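S.K.: for reference, the sequence and a predicted model appear below.
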Amino acid sequence: LGRGGHAAALLDTQYRMPKALCDVVSARFYAGRLRSARCTASHTLPAALRGAGPALGQPLAFHDVADGVAHAPDRSWANPREADVAAALVRELAHRAPGLDVAVVAAYRAQLDELRRALSRRCPGATVEVATVDAFQGREKDVVIVSCV
């Protein structure tokens, strides 16, 4: 459109994610120009997760898996240790807040295989969607764990 002479416009208000998550996205990708609509104030953690500590009690948490080793079987990356950490988080979520709609997403198919194995070991019977980032794009869950490998 820009090459056709149409001006670009920033859609500067988001309505879906918690404000804390939007603030990170806004600072990192939009030079602070992305804002949260008032309705996002109701996008809060379930009561069972509030006060659960930094791993589960915040709308956004990062987990450094320094002891993990990434490898590339068949030209797709995987990290078994990171998959185990993700599965442990899913297990804790299921224990603290049963019924949450949870997804684990990764960019690599080999990591999806690792995630499925780890989830079947640590969380048998858990209902968790495991998908590539592309397959999950545009959808929502109560909790999304992103495995970066």
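M.R.: It's in.
S.K.: what's in contact with the longest helix along the chain?
M.R.: Taking DSSP state H as the criterion, the chain has its longest helix at helix 80-96. Residues outside helix 80-96 that contact it (C-beta atoms under 8 Å, 6 or more residues apart in numbering) are 48-49, 52, 55-56, 63, 65, 67-70, 100, 102, 104, 111, 114-115, 117-119, 121-123, 126, 128, 143, 145, 147-149. (Glycine included, C-beta is placed from N, CA and C.)
S.K.: buried subset of those?
M.R.: Among the contacts of helix 80-96, those classed as buried by 16 or more other C-beta atoms under 10 Å are 48-49, 52, 56, 65, 70, 100, 102, 104, 111, 114-115, 118-119, 122-123, 128, 143, 145, 147, 149.
S.K.: next, the contact list for the residue nearest to S147 when sequence neighbours are not counted, please.
M.R.: Spatial nearest neighbour of S147, excluding adjacent residues (C-beta to C-beta, 6 or more residues apart in numbering): A106 at 4.1 Å. Residues counted as contacts of A106 (C-beta under 8 Å, 6+ apart) are 112, 115, 130, 132-133, 146-149.
S.K.: next one: K141
M.R.: Contacts of K141 by C-beta under 8 Å, 6+ apart are 101-103, 129.
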